[in-house]
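*Asks:* Sequence below, structure please.
(one chain, ligands or ions: 2)
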Amino acid sequence: MKKNEHAFDLLPGRRRFIQSIALGAFSASLAPAGLLSGKENQSFRRKKGQMFYRRLGRTNLNISEISLGGSPVPAMPILHQAIERGVNYIDTSHNYMNGNSERQIGQLFKEMGRDKLYVGTKFHLRKNWSEKSIIDSVNGSLRRLQTDYMDVLLIHGASSEEHLTDERLLGAFEKLKSQGKYRFRGLSCHTNHHKVVKKAVDSGLYDMIQLGYNVFDITDTEKDYEVYDDYLGQSGIRRLIALAKSKDVGIIAMKTLKIGGRRQNVEKYKTGNTTLYQAMLKWVLENKNIASAVIEMLTFEQLEEDLAVEAHSLSEMERKNLFRYVADNSKDYCHMCGSCQAKCPSQLKTTSILRYLAYHESYGKISLARQAYSRLKPSQTAAFCQNCGECERVCSYRVAVQKKIKEAHLLLG
Ligand code: SF4
Ligand code: SF4
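*Replies:* Numbering: from 1, shown residues only. Ligands and ions are numbered 1, 2, ... in the order given. Reported below is the predicted structural model:
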């Protein structure tokens, strides 16, 4: 039995492991198996100017390791600066900032030229969606973007694997493709990852996937691990990313700075000049199967902070401080696995509600959170919770689901 292990014997696997991090029982000097280490071949990335670029799977687009999030999109001078510094991919959607995200990117294309930036935008499959609703949404995006085509067209938040091969969806994709309105097909996924990503990859129909991936994204909680890297190595998300890579489907990581966006005071987790957020980005980019990390950069300071990151592996101290932060903050972190929502006898949208709560609490996106919440049917909200406790029983992460959805109802309802 190893040092410190006795104290954890009676704890369930995950809690035991979190305590082990706090006590420093992790393999700090080694990069996790299969991930980037400081000394290995770096041919999967190319440097041009100050920026590294990686291939986005079968799209063959070489995109910057750091790409821009468009919800919200930063002010024009920051956009200009980001592009001049080598950022060449921006992620947006028809509904970000009520369409103003796309409008601003359209203005940017006018000012700097369409060829300076790859754009990925999205459409939703909301209630009563049809081939026509998708085509109308895409035409609206093209108008706002002031362009004839988008580089990547994504389903926004694909949550059902069955939708991915639905004839209405494929019909819309085919028509838009024949009209030259997009180059590559993709999807973003916030929940039900295991089924959705697997189906997207197996179907051969999708060129890229945008997936939440951050230092908290750990899905396999039943086994006991002694060191944090081993624990992460078992992450279901990491396996899905590797699966996509094996079929040359490109992966862009989103939600890279979860929890808390940049709103927490995290000075105490700094390592020399490396901020906690830089360490988080480095952690994401250590995964060679990721083409880029999409991130909000709303100020010049944030831009400088993110662009200073080069994805050589984390130093021993950076890793240690990053994992200390995880140990201090991972309790009650919702990983959006969807299990509680699937099991709720009242069919409440618990996972969605927790995501909207995170928009509000962690990212300060108050109107987005309220709008999203307002689209739920009243019968899907906490007002109809029977307090049966099933959601908390199935949550491997011990999230206080009932308390949190009620809090969301008060804040957003
Ligand atoms: S406690 Fe409420 S939210 Fe949780 S499973 Fe039961 S009815 Fe659903
Ligand atoms: S609260 Fe738990 S079960 Fe529900 S989506 Fe989040 S991590 Fe999964």
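
*Asks:* Could you point out the helix or strand that follows the helix or strand of the chain with the lowest mean pLDDT?
*Replies:* Using mean pLDDT, DSSP states H and E, the weakest-scoring helix or strand in the chain turns out to be helix 228-233, at a mean of 44. Per DSSP states H and E, the first helix or strand lying C-terminal to helix 228-233 is helix 236-246.

*Asks:* by how many degrees do the following helix or strand past that next one and helix 236-246 diverge?
*Replies:* Using DSSP H and E, the helix or strand that directly follows helix 236-246 along the chain is strand 250-254. Per axes from the mean of the first three to the mean of the last three Cα atoms, to 10 degrees, the angle that strand 250-254 makes with helix 236-246 is 150 degrees.

*Asks:* Can you list the neighbours in contact with strand 250-254?
*Replies:* 55-59, 61, 63, 67, 69, 89, 91, 120, 186, 188, 207-214, 241, 244-245, 284, 287, 289-294 (Cβ atoms under 8 Å, 6 or more residues apart in numbering). In this view, the C-beta of every residue, glycine as well, is placed from N, C-alpha and C.

*Asks:* where in the stretch 201-350 of the chain is pLDDT low?
*Replies:* 217-235, 258-263, 311-312, 329-332 (pLDDT under 70).

*Asks:* got a list of what the residue of it found nearest ligand 1 touches?
*Replies:* Per Cβ to the nearest ligand atom, the residue of the stretch 201-350 of the chain with the smallest distance to ligand 1 is Cys344, at 3.3 Å. Applying Cβ under 8 Å, 6+ apart, we find Cys344 in contact with 350, 390-391.

*Asks:* ok, now with 6 Å
*Replies:* For Cys344, the contact set (Cβ atoms under 6 Å, 6 or more residues apart in numbering) comprises 350, 391.

*Asks:* and if you look at the one 3 residues further on?
*Replies:* The contact partners of Gln347, by Cβ under 6 Å, 6+ apart, come to none.

*Asks:* how close does the residue lying closest to Ala408 once chain neighbours are set aside sit to ligand 1?
*Replies:* Of all residues not flanking Ala408 in the chain, Leu357 sits nearest, at 4.2 Å (Cβ to Cβ, 6 or more residues apart in numbering). Distance of Leu357 to ligand 1, given as Cβ to the nearest ligand atom, to the nearest Å: 13 Å.

*Asks:* Give me the three-state assignment for Leu357.
*Replies:* helix (DSSP: H, G, I helix; E, B strand; the rest coil).

*Asks:* Counting neighbours, what do you get for it?
*Replies:* 20 (other Cβ atoms under 10 Å).

*Asks:* Could you do Phe184 as well?
*Replies:* 22.

*Asks:* Are we agreed that Leu125 is in a strand?
*Replies:* No. Counting by three-state DSSP, one finds Leu125 to be coil, located in no strand.

*Asks:* what's it in contact with, if anything?
*Replies:* By Cβ under 6 Å, 6+ apart, the residues touching Leu125 are His163.

*Asks:* same question, Leu412
*Replies:* Contacts for Leu412 were tallied using Cβ under 6 Å, 6+ apart; they are 369-370, 373.

*Asks:* Just the buried ones among those residues, please.
*Replies:* 369, 373 (16 or more other Cβ atoms under 10 Å).

*Asks:* ok, and of the contacts of Leu412, which contact ligand 1?
*Replies:* When Cβ under 6 Å from any ligand atom is applied, no member of the contacts of Leu412 is adjacent to ligand 1.

*Asks:* Dump the contacts of Leu412 to CSV, plus secondary structure.
*Replies:* CSV is the format used below for the contacts of Leu412 (three-state DSSP):
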residue, secondary structure
Ala369, helix
Arg370, helix
Tyr373, helix
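
*Asks:* For the contacts of Leu412, could you give me a markdown table that also reports distance to Val138 and pLDDT?
*Replies:* Below are the contacts of Leu412 laid out as a markdown table (distance: Cβ to Cβ, whole Å; pLDDT from 0 to 100):
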| residue | distance to Val138 | pLDDT |
| --- | --- | --- |
| Ala369 | 26 | 90 |
| Arg370 | 26 | 93 |
| Tyr373 | 26 | 94 |
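
*Asks:* Go through the contacts of Leu412 and name the one nearest ligand 1.
*Replies:* Nearest member of the contacts of Leu412 to ligand 1, counting by Cβ to the nearest ligand atom, is Tyr373, at 15.1 Å.

*Asks:* Find the nearest non-adjacent residue to that closest one, please.
*Replies:* Counting by Cβ to Cβ, 6+ apart, the residue nearest Tyr373 is Leu412, at 3.9 Å.

*Asks:* For the stretch 51-200 of the chain, give the residue positioned nearest to ligand 1.
*Replies:* Closest point on the stretch 51-200 of the chain to ligand 1, by Cβ to the nearest ligand atom, is Thr191, at 15.4 Å.

*Asks:* ok, that residue touching Glu161?
*Replies:* No. In terms of Cβ atoms under 6 Å, Thr191 does not count as a neighbour of Glu161; the distance is 11.6 Å.

*Asks:* which of these two has more neighbours?
*Replies:* In terms of neighbours (other Cβ under 10 Å), Thr191 is the more surrounded of Thr191 and Glu161; the figures are 22 against 18.

*Asks:* Need phi/psi at that one.
*Replies:* phi -150, psi 160 (degrees, to the nearest 10).

*Asks:* so what's it up against?
*Replies:* Contacts of Thr191 by Cβ under 6 Å, 6+ apart are 159, 336, 338, 351.

*Asks:* Which of those residues fall within helices?
*Replies:* Within those, residues falling in helices by DSSP state H are Thr351.

*Asks:* Most neighbours among the contacts of Thr191, which one is it?
*Replies:* Neighbour-wise, these (other Cβ under 10 Å) top out at Thr351, 24 neighbours.

*Asks:* Tell me if the helix or strand hosting Leu410 is near ligand 1.
*Replies:* Per DSSP H and E, Leu410 falls inside helix 401-412. Yes. Part of helix 401-412 sits near ligand 1 under the criterion Cβ under 6 Å from any ligand atom, namely 401-402, 405.
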